[in-house]
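Q: need a structure here:
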Amino acid sequence: MTHGRRDPDLGGNADDRKGIDVAVPQYDVQRGALECGKRDLVEYQLVVVGLQLGYLLSGSFVIENVFAWPGVGRLAIQAIFWRDYPVIQAVVLVTGVLFLAINLVMDVLYRRLDPRIRDVGR
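A: This next block holds a predicted model:
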């Protein structure tokens, strides 16, 4: 326990005229700091995960072509070489909508976690 004020007769603070001994549990202060730190860490990790999902989506085009894996990225590159415009448009539309959906979910989660953002615009 950490003592906030001490009795002046016991060698405490001379400005304390009431002589009240107030005890502040140390673990409450540490718990509050940890809870605040956890919230900040979760918010930061949420932003990083959102960015990494975007990089993962764009990196799939390269990885699927380098390793000859079937997927949307390989389909897009083959459609570009074959000049298959409807397939190119569909792939661009699907990946764009997926990217926007990922960002929308991350923004909604971030707004729920951060009370400072939650009250903006009201």
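
Q: What helix or strand is Leu100 located in?
A: helix 85-113 (DSSP states H and E).

Q: Please name every helix or strand in contact with that helix.
A: Other elements packing on helix 85-113 under the criterion 3 or more C-beta pairs under 8 Å, 6 or more residues apart in numbering; DSSP states H and E are helix 26-66, helix 72-82, helix 115-118. Glycine gets a C-beta too; all of them are placed from N, C-alpha and C.

Q: any idea which of those helices is most buried?
A: Here the criterion is mean neighbour count by mean count of other C-beta atoms under 10 Å, and of the helices and strands packed on helix 85-113 the winner is helix 72-82, at a mean of 15.

Q: would you turn the helices and strands packed on helix 85-113 into a markdown table with distance to Leu109 and mean pLDDT?
A: Below are those laid out as a markdown table (distance: least, C-beta to C-beta, whole Å; pLDDT from 0 to 100):
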| stretch | distance to Leu109 | mean pLDDT |
| --- | --- | --- |
| helix 26-66 | 6 | 79 |
| helix 72-82 | 25 | 94 |
| helix 115-118 | 11 | 72 |
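
Q: Done for today, thanks.
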